[in-house]
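Novice: here is a sequence together with a model predicted from it:
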Amino acid sequence: MTAPRPEPTAPGAATPHPAAVPAPRPEAATASDAAVPVSEAAVAASRSGRGPLPGWVALTLVTVAGVASAAQGAANGELGARVGQASLAGVVNNLGGTLLVLLGLAALPSMRAGLTALRRARLPWWSYLGGLGGAVIVVLGAYLVPVLGVAVFTISQVAGGSLGGLAVDRGGLAPVGRLALTGPRIAGALLGVAAVTLAQLGRPVGELAVVPILLAVVGGLAVALQSALNGRVSAVSSAAAGVAVNFAVSTPAVVLVAVVAGALTGPAPTWPDAWYLYTGGLLGVGIVAGLVVGVRSAGVLRTGLALVAGQLGGALLLDVLLPGGPGARPAVLAGAALTLGAVVVAGRRPRR
């Protein structure tokens, strides 16, 4: 990563709160310290050249991660359908990501150094629970999509993610510090939800039940918290350490859900031979890494919107490239473009 910069290089890029790097304290932080990544490890990370990337670079990487997210969703969805149990696809996804993290620990001194710095950081215990947000959305997606349909679930999730991004940024959970609840940020969040709604025109709609819709919104909130907490972890260590902590927390949760659902105790499934169905873990590592990089530079809201733009763009590519796909859909293209516009709008400075 580049050296820390004295001011944002992209219009409206997040400016760290003055209290974002306080003096070190011997005791562990409490919940009232949520707005500050505590410890001198954050200062050391910045001085060692591991500061946040310029906003436009970070958001570009997040958009690419969104494309990977679309591919991951397609692979996991098909794998779950072939083995007859959606939760098994989540287990395969997380076990694959965990395996890559373990290989990284063995091969990358930077990852081991990041975890060493993390042990000295003395973050509050709840800072390490970001991976649970990823587990929540994986589990909810497996059970709610058949009920709500792809369109309603996606719109509800993005609405929850936008609301969560505004709240998390305002509360200062992300490493950029507190970001004010300004008109442009609210407008960007609303534009993002409208863009996703446009992109879902013509998609199947299931039962419009209030409880499943609210659960999908909760899933979006969980993803916003996941991004913020993983960003805090990476800010005092490294992006690689943030990814490692995410999978260390999310994988046991996903496996536990599969056990409770009986997915691991029934008849042995027939596993398909197509190699690409097992790439979810590899793609997941890239997605989480993109999110922790984006949150450090641009906050949770704009990072989430950039991820959604990449997801819509990736979905459009899959529709065009996959055999038997529906081809280019103008609504998806327009939705992706509008979501990118929402990223720009949310980053504008309000008029005085």
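Specialist: Yes, it's here.

Novice: every contact and neighbour count from this point should use C-alpha atoms.
Specialist: OK.

Novice: quick one: the helices in the stretch 101-250 of the chain?
Specialist: Using DSSP state H, counting those that start in this stretch, the helices of the stretch 101-250 of the chain run over 109-121, 130-148, 150-171, 183-199, 210-235, 239-260.

Novice: okay, the angle between the third one and helix 210-235?
Specialist: So that's helix 150-171. Inter-element angle recorded for helix 150-171 and helix 210-235: 50 degrees (by axes from the mean of the first three to the mean of the last three Cα atoms, to 10 degrees).

Novice: return the distance of helix 150-171 from the chain's centre.
Specialist: 11 Å (Cα atoms, centre = their mean, to the nearest Å).

Novice: quick one: average pLDDT of that helix?
Specialist: Mean pLDDT, helix 150-171: 90.

Novice: next, the residue sitting furthest away from the middle of the chain: secondary structure please.
Specialist: Relative to the C-alpha centroid of the chain, counting by Cα atoms, centre = their mean, residue 267 is the outermost residue, at 33.4 Å. Three-state assignment for residue 267 (DSSP: H, G, I helix; E, B strand; the rest coil): coil.

Novice: from residue 256, how far out is it?
Specialist: Residue 267 sits 18 Å away from residue 256, taking Cα to Cα, to the nearest Å as the criterion.

Novice: same check on residue 77?
Specialist: When residue 77 is compared with residue 256 (using Cα to Cα), they lie 20 Å apart.

Novice: torsion angles phi and psi at the residue farthest from the centre of the chain?
Specialist: Here is the backbone geometry of residue 267 (degrees, to the nearest 10): phi -60, psi 150.

Novice: quick one: residue 115 and residue 239 touch, right?
Specialist: No: when contacts are counted by Cα atoms under 8 Å, residue 115 is not listed as touching residue 239 (10.2 Å).

Novice: of the two, who's got more company?
Specialist: The neighbour comparison of residue 115 against residue 239 (other Cα atoms under 10 Å) goes to residue 239, with 27 against 22.

Novice: for that one, what are its contacts?
Specialist: The contact partners of residue 239, by Cα atoms under 8 Å, 6 or more residues apart in numbering, come to 289, 292-293.

Novice: secondary structure class for residue 327?
Specialist: State at residue 327, reduced to three classes by three-state DSSP: coil.

Novice: isn't it up against residue 320?
Specialist: Yes: the pair residue 327 and residue 320 passes the contact test of Cα under 8 Å, sitting 4.3 Å apart.

Novice: next SSE after the worst-scoring helix or strand of the chain on mean pLDDT?
Specialist: In the chain, no helix or strand scores lower on mean pLDDT, DSSP states H and E than helix 41-47, which sits at a mean of 41. Note on helix 41-47: by DSSP states H and E, the next helix or strand toward the C-terminus is helix 55-83.

Novice: which residue lies closest in space to residue 84, excluding its sequence neighbours?
Specialist: Closest residue to residue 84 apart from its sequence neighbours, by Cα to Cα, 6 or more residues apart in numbering: residue 269 at 7.6 Å.

Novice: again, but for residue 203
Specialist: Residue 203's closest residue in space is residue 151 (Cα to Cα, 6+ apart), at 5.6 Å.

Novice: that neighbour: what's it in contact with?
Specialist: 197, 200-201, 203-205.

Novice: kindly reformat those residues as CSV containing neighbour count and distance to residue 285.
Specialist: Formatted as CSV, the contacts of residue 151 follow (neighbours: other Cα atoms under 10 Å; distance: Cα to Cα, whole Å):
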residue, neighbour count, distance to residue 285
197, 20, 28
200, 19, 27
201, 14, 30
203, 11, 29
204, 12, 30
205, 17, 31
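
Novice: distance of residue 161 relative to residue 252?
Specialist: 24 Å.

Novice: those two: which has the busier surroundings?
Specialist: Neighbours per residue (other Cα under 10 Å) separate residue 161 from residue 252, with residue 161 holding more: 29 against 17.

Novice: wait, the more buried one sits on residue 304?
Specialist: Yes: between residue 161 and residue 304 there is a contact under Cα under 8 Å: 7.0 Å.

Novice: between these two, which contacts overlap?
Specialist: Jointly contacting residue 161 and residue 304 under the rule Cα under 8 Å, 6+ apart are residue 224.

Novice: need the pLDDT of the residue farthest from the centre of the chain.
Specialist: 81.

Novice: can you give me the end-to-end distance of stretch 194-214?
Specialist: 18 Å.

Novice: can you list contacts of it?
Specialist: In contact with stretch 194-214 (Cα under 8 Å, 6+ apart) are residues 144, 146-156, 158, 312, 331-336, 338-339.

Novice: could I get the buried residue list for it?
Specialist: The neighbour-count criterion (16 or more other Cα atoms under 10 Å) identifies 194-200, 205-206, 212-213 as the buried residues of stretch 194-214.

Novice: just these: which has the poorest pLDDT?
Specialist: Least confident of the buried residues of stretch 194-214 in the model: residue 206, at 71.
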